[in-house]
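[1] Only the shape, not the letters, is given here:
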């Protein structure tokens, strides 16, 4: 993934978190209900972020592996 793509994902998740928090805070519920909703939403956002982070990590590791293979192949051609 390009840097702009990962930045977009982070911005999207941050925007979703802020929007969800504001929506919950302005809802006419009891404080305990609001806190529970915020906690549940935060857990969901954290899980989504971890999943996306794993996707990015896998992509980077694959790209590094491909690059190492190309470097090794280039070195073999020189020798």
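    Perfect, thanks for sending it. Every value quoted in this text rests on a predicted model; they were computed, and no experiment measured them.

[2] Low-confidence stretches in this protein?
    Scanning the chain with the threshold set as pLDDT under 70 gives 1-3, 79.

[3] how about the helices in it?
    Taking DSSP state H, the helices of the chain run over residues 3-25, 31-78.

[4] Make JSON lines from those and add mean neighbour count to it.
    Using the backbone N, CA and C atoms, a C-beta is placed for each residue, glycine as well. Conversion of the helices of the chain to JSON lines gives the following (neighbours: other C-beta atoms under 10 Å):
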{"stretch": "helix 3-25", "mean neighbour count": "13"}
{"stretch": "helix 31-78", "mean neighbour count": "11"}
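
[5] Against residue 29, how distant is residue 47?
    Applying C-beta to C-beta, to the nearest Å, the value for residue 47 to residue 29 is 23 Å.

[6] If you could redo that for residue 16, that was the one I meant.
    The gap separating residue 16 from residue 29 is 20 Å, by C-beta to C-beta.

[7] Repeat that for residue 14.
    Computed as C-beta to C-beta, the residue 14 to residue 29 distance reads 24 Å.

[8] again, but for residue 41
    To residue 29, residue 41 is 13 Å away according to C-beta to C-beta.

[9] Same check on residue 71?
    58 Å.

[10] try residue 59
    Separation of residue 59 from residue 29 (C-beta to C-beta) stands at 40 Å.

[11] How about residue 70?
    Here residue 70 is placed at a distance of 56 Å from residue 29 (C-beta to C-beta).

[12] before we move on, what about residue 69?
    Separation of residue 69 from residue 29 (C-beta to C-beta): 55 Å.

[13] and if you look at residue 20?
    14 Å.

[14] got it, and residue 53?
    Remark: distance between residue 53 and residue 29 (C-beta to C-beta) = 31 Å.

[15] Wait, residue 56 touches residue 6, no?
    Yes: the criterion here is C-beta atoms under 8 Å, and residue 56 meets it with residue 6 at 5.9 Å.

[16] Overlap of the contact sets of these two?
    The contact sets of residue 56 and residue 6 do not overlap (C-beta atoms under 8 Å, 6 or more residues apart in numbering).

[17] Alright, calling it a day.
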